[in-house]
Every structure is written in C-alpha cells, then in structure tokens.
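In: Quick one, structure for this:
(chains A, B and C)
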Amino acid sequence: MAALVVAGMMFGALDSIHPFGEPGDIAMDQYYIDNALEERSSENIVTSIVFDYRAFDTIGEAAVLFTAVCSILALFREGARKQ
Amino acid sequence: MTVGNLPFLVVGILFLIGLLAVLREKNMIKIAIGITIIESAVNMLLIVLGYRLGGDVPVHFLKGEVDAMVLPTPQALTLTAIVIALATSALMLSVIMLLYKHYGTLNVDEIRRLRG
Amino acid sequence: MKPLSVVVRTGCDMFAWFMVVFGTYVIIHGDVTPGGGFQGGAVVATFAALLLVAYGGEKVLSWISLDVYNTFLTAGLLLFLLFGFAGMGTSFLYNFLAVPEAVVHAGGGPAVIPPSGTIALMDIAVGLEVAGGLTLIILYMFKGSRLEINSETGGETGHDSW
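Out: Reported below is the predicted structural model:
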C-alpha cells in the first residue's frame, strides 16, 4: 500500500516540473550557446563545457574512475595467504 | 498525467521497475541489475529536462538551418554521471564474485543464515 | 575459456584493430564532432573484450602485457593535472592556449596545436586514462573468476557452471 502512495507522489512530482519542451530559466545556457564559438573557437559546445567552463567536475570524475580501478586491482590479488 | 509529458512518464516507469527488482529479488546478480536500471533512469531524466521544442544539435559543425539549440548543460552533466554509474556497477560485481567464492551460494537469505 | 570456432575467430580478426582506429578517431576529433575523451576511451576498450570472447583467456593473457595499460592509466591522470597547473598565472585550469575566433579568421594563430587550446589536449589525456582503466577492469575481473573455477572443480568445464 505504501508503495502505491510513493509511486503516485513520484508521478505527480515528475509531471509538475515544467511542460515538456519549454524550460524555464535559460540565461546561463544562452550565454554558452552565443559565446562559446567566439571565445574558445571550438565547434562542439558540450566538449567546451565539460573541459573548459566546468573543468573542475571533470577532475573529480577522473579521480573517481582512477579510484575504482585501483580498488578492483586490490580486490583480485593473488598473494601468499597465511593459513 | 498529460500525454504531452510522455518522456517523464517513461522515466518514472523505469525507476519503478528498477526499484521493484531491488526490493523483491533474492538472487544477488538480479539486485545488481536493478541498481543499474535505476541509474539509467536518472541519467535519462537529466537529458529530458533540457529539451527545447524545435531545437537542434548543440554542435556548430552539424547544425541545420534552425536558429534555436537544445540546452547543452544537462548533456555535459550526464557524461560524468554515466562514468560514475559504470564505476559503481563494476565494483558491485567484483564484490559479488568474492562473496560467491566465500559462501558458495548466490541466495541472499542463505547468506544471512550462514554467517561464516 | 576455450577458443571458439573458426567463424567467430575470423570475424574477430577483421574487426579488432578497426575498433582501435575508430576509437582514436573519436578521441582526437573531440572538439569538432560529437564525442570526446570518455566516449572514445570506451570504444578503444572493446578491443580487449572482443579478443577475450573469441580467443579464450589463456591465450589473451599471454599476449597482452598489463604494464602498458597501467602506464596509460597513470600517465593520463598526471597529464590532466599538469595542464591544470600550467595556467596558474591567472587561475587553476585556465585555458592559456586558446585563440579567439576572430584571430583565426584573420589568418593568425598557431600551427600545430588546434586553436581551441587545452580542450583538445585534455581530451587526449582523458581518452588515454579511460581506455587503460576499462581494459584493466575487464582483464582483472577475468583473472579473478578463472582462479575460482580452477580451484573448485579442478579444471575448466565449460561456459555455464552455476
């Protein structure tokens, strides 16, 4: 029963964000669309956001990937185990 | 729920399927699959939030003749979220492999009883 | 795992190196076409997965040395941080090699480095790191599972064992 109430509330919340296709505040994205070609001269706006305007998040994500690979390497070591 | 908001409805259904899989399954691998379904649903919600009707690809090289572009910021955030979902699912599967080697079974109820 | 039949092995031979070339293309053209560092790195990592499925684990682990991918992983992250600290005159992660579009249209600008500056160079560093990291995940998880099957039943019995 509780699951139905939670599902109903979730669908109601998803419906009332904004109508599909008309986002509300677009001032920041309009600046990116207008000025990314002149300032950085790169034609791909998404890459220039990921690597230049918001490069700090990309450093965090590279660190997360590095940590995950290191911990998988540490889990699967074959060493001498003391019985 | 209006029919014009169909992408949001699909995201909600995917999230419910993943949540049902996590809560009611007994096999450990099926629980891990349910968690990755939930992560995919959240990534899809991020992309759907940034759509503009009549917009075009946010790449100047492939743009058509339309003036408006789709918002590029949610797509940049979703790239990071996909890589983090990959890292957590790889770690989950490694821990499941080690649990199978130690206990000999993949059933969650039997592991709770064995405690060895 | 044993090698699969001749048909599967021939199909793998045709497509394996094509994956590496296509992945490098997607990484390098990161600031013109859709794609970039993360997507191209994942395409390059399917090279090891394809070889592992077609040829079996013992042969692949004797061909591929894991130190090369370790070097890719660490070199990628260190190069990324180096490009962050190099523009420290103004601030951390400042794009100190970018040339504005007006100068490029007038005929100025650099010759070798693309005019988008550190965006293209950081692309290559992240692509190296993601390719090395995902390949290491695949190969180490395979090594871990093979160890467990060998110790339990005393030999490789087939594909489905539970």
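
In: buried set for the lengthiest helix in chain A?
Out: Looking only at chain A and at elements set by DSSP state H, the helix with the highest residue count is helix A:55-75. Residues A:55, A:58-59, A:61-62, A:65-66, A:68-69, A:72 are the ones in helix A:55-75 that count as buried (16 or more other Cβ atoms under 10 Å in any protein chain shown). In short, each C-beta sits where N, CA and C put it, glycine included.

In: Now the two most distant members of those residues.
Out: When the buried residues of helix A:55-75 are compared pair by pair using Cβ to Cβ, the farthest-apart members prove to be A:A55 and A:I72, with a separation of 26.4 Å.

In: mean confidence for the longest helix of chain A?
Out: Model confidence over helix A:55-75, given as mean pLDDT, is 93.

In: Please list which of the buried residues of helix A:55-75 are also close to chain B.
Out: Applying Cβ under 8 Å from any Cβ of the partner chain, the subset of those adjacent to chain B comprises A:58, A:61, A:65, A:68, A:72.

In: Need those residues in CSV (columns: distance to chain C).
Out: Conversion of these to CSV gives the following (distance: Cβ to the nearest Cβ, whole Å):
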residue, distance to chain C
A:T58, 7
A:E61, 8
A:L65, 6
A:A68, 8
A:I72, 6
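
In: So which bits of chain B are right by chain C?
Out: Counting by Cβ under 8 Å from any Cβ, the residues of chain B near chain C are B:57, B:59, B:61-62, B:79, B:82-83, B:90, B:93-94, B:97-98, B:100-101, B:106.

In: out of these, which are buried?
Out: The neighbour-count criterion (16+ other Cβ under 10 Å) marks B:57, B:59, B:79, B:82-83, B:90, B:93-94, B:97, B:100, B:106 among the residues of chain B next to chain C as buried.

In: Filter the residues you listed down to just the ones in helices.
Out: Helix and strand membership here follows DSSP H; of those, those in helices are B:79, B:82-83, B:90, B:93-94, B:97, B:100.

In: Make CSV from the residues you listed and add pLDDT and distance to chain A to it.
Out: Compiled in CSV, these are given as follows (pLDDT from 0 to 100; distance: Cβ to the nearest Cβ, whole Å):
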residue, pLDDT, distance to chain A
B:L79, 92, 6
B:I82, 94, 10
B:V83, 94, 6
B:A90, 94, 6
B:L93, 93, 9
B:S94, 93, 5
B:M97, 90, 9
B:Y100, 89, 13
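
In: what's the closest of the residues you listed to B:M28?
Out: Minimum separation from B:M28 among those (Cβ to Cβ) is found for B:Y100, which lies at 8.0 Å.

In: Can you tell me the element the residue nearest in space to the middle of chain C falls in?
Out: Most central in chain C under Cα atoms, centre = their mean is C:A131, positioned 1.7 Å from the mean C-alpha point. Here C:A131, judged by DSSP states H and E, is contained in helix C:118-153.

In: on that earlier part again, got the buried ones among the residues of chain B next to chain C as CSV, with distance to C:I137 columns?
Out: Written out in CSV, the entries for these read as follows (distance: Cβ to Cβ, whole Å):
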residue, distance to C:I137
B:V57, 31
B:V59, 30
B:L79, 19
B:I82, 15
B:V83, 12
B:A90, 5
B:L93, 10
B:S94, 9
B:M97, 13
B:Y100, 18
B:L106, 21
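
In: quick check, nearest of those to A:M10?
Out: When those are compared for distance to A:M10 (Cβ to Cβ), B:I82 wins out at 22.6 Å.

In: Low-confidence stretches in chain B?
Out: Per-residue confidence for chain B (pLDDT under 70) gives these ranges: B:1-3, B:115-116.

In: the helices in chain C, which residues?
Out: Assignment of helices within chain C using DSSP H yields the ranges C:6-28, C:37-55, C:57-63, C:66-86, C:101-105, C:118-153.

In: lowest-pLDDT helix or strand in chain C?
Out: The weakest-scoring helix or strand in chain C, judged by mean pLDDT, DSSP states H and E, is helix C:101-105 (a mean of 65).

In: and chain A, which residues reach chain B?
Out: Taking Cβ under 8 Å from any Cβ as the criterion, chain A approaches chain B at residues A:7, A:10-11, A:14-15, A:17, A:19-23, A:26, A:28-29, A:32-33, A:37, A:43-46, A:49-50, A:54, A:57-58, A:60-61, A:64-65, A:67-68, A:71-72, A:75-76.
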